[in-house]
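Structure for the following, please:
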Amino acid sequence: MTAIVQNLVTSGVFELDGGTWDVDNNVWIIGDDAEVIVLDAAHDADAIADVVGDRTVRAIVCTHAHNDHINAAPELAKRTGAPILLHPADRVVWDLTHPDRAPDGDLADGQRITVAGTGLTVLHTPGHAPGAVCLHSPDLGVLFTGDTLFCGGPGATGRSYSDYPTIVKSIRERLFSLPDDTIVRTGHGEGTTVGAEKAASSGWPAA
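A predicted model of the protein is given here:
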């Protein structure tokens, strides 16, 4: 059985550099009737646990460590026993939110995560954050981009630990090499495709 993808939208506050912004986050739950992974445990552990139900959570995977993507991760890990996985380059960002609770394991470029017989490959895509990653599943024809790529262009790079030329390089070299019909599931807002964003990228500011 091929894994299915479920989407839960949770709401809360993004905090960085002394500012706060109200945000809605996409939480992605990938798996089958027996097991799942949770991608970006944002804001509401209760709501995420309700969707998971009695299924086994194999991992809580973080696309990056901004607080709005990880603030519910420790509580969800406590409830489910699942390890929290984060790219080590984002530990400096993680510690801003959870200084007393480390992630349980590292994500690495090229790492393969398997759930419900479906593989997802980790792509290190720094720029929005130093340890930002995307997950690509050829089986599903889906790319989970966190805040690296949105419908309409790259993720924000105007705050600490981010860099615009770096995110553009990550997108062009790592994501635009994927098939054009790859569905993009983002960290906030609506989805898109690799081809649509590639076609629109000629209008991006110079890196």
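
Pull the distance from stretch 39-56 to the chain's centre.
Stretch 39-56 has its C-alpha centroid displaced from the chain centroid by 15 Å (CA atoms, centre = their mean, to the nearest Å).

Can you give me the end-to-end span of it?
14 Å (CA to CA, to the nearest Å).

how about it: buried residues?
Within stretch 39-56, the residues that count as buried by 16 or more other CB atoms under 10 Å are Leu39, Asp40, Ala41, Ala42, His43, Asp44, Ala45, Ala47, Ile48, Ala49, Val52, Arg55. Heads up, the C-betas are built off the backbone N, CA and C, glycines and all.

and Lys198, how many neighbours?
When counting by other CB atoms under 10 Å, one arrives at 16 neighbours for Lys198.

my guess is it meets Leu178, correct?
No - assessed by CB atoms under 8 Å, Lys198 is found out of contact with Leu178, at 9.4 Å.

now stretch 159-169: how far from the chain's centre is it?
16 Å.

Show me the contact partners of it.
Defining contact as CB atoms under 8 Å, 6 or more residues apart in numbering, one finds that stretch 159-169 is touched by 16-17, 92-93, 125-130, 148, 154-157, 204-205, 207.

switch to 10 Å and redo it
By CB atoms under 10 Å, 6 or more residues apart in numbering, the surrounding residues in contact with stretch 159-169 are 14, 16-17, 19, 64-66, 89-90, 92-93, 96, 125-132, 147-149, 153-158, 170, 201, 204-207.

Please narrow those residues to those residing in helices.
Using DSSP state H, Val92, Val93, Leu96, Ser170 are the members of these that sit in helices.

returning to what we had before: what would the buried residues of stretch 39-56 look like in TSV with distance to Thr118?
Compiled in TSV, these are given as follows (distance: CB to CB, whole Å):
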residue	distance to Thr118
Leu39	13
Asp40	18
Ala41	20
Ala42	22
His43	26
Asp44	25
Ala45	24
Ala47	24
Ile48	20
Ala49	22
Val52	17
Arg55	14
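
quick one: which of the residues you listed is nearest to Gly119?
Leu39 (14.4 Å; CB to CB).

Pretty sure the closest one sits against His69.
Yes - counting by CB atoms under 10 Å, His69 is a contact partner of Leu39 at 9.1 Å.

Can you pull the residues that touch both of those two?
Joint contacts of Leu39 and His69 (CB under 10 Å, 6+ apart) are Asn26, Val27, Cys62, Thr63, Gly146, Gly187.

so where do the helices sit in the protein?
Using DSSP H, the helices of the chain run over residues 45-52, 67-70, 73-80, 91-97, 164-170, 194-200.

can I get the ones you listed in CSV with distance to Thr121 and mean pLDDT?
Formatted as CSV, the helices of the chain follow (distance: least, CB to CB, whole Å; pLDDT from 0 to 100):
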stretch, distance to Thr121, mean pLDDT
helix 45-52, 23, 98
helix 67-70, 20, 98
helix 73-80, 21, 98
helix 91-97, 22, 98
helix 164-170, 15, 98
helix 194-200, 15, 98
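
Of the ones you listed, which is nearest Val115?
Using CB to CB, the helices of the chain put helix 45-52 closest to Val115, at 12.3 Å.
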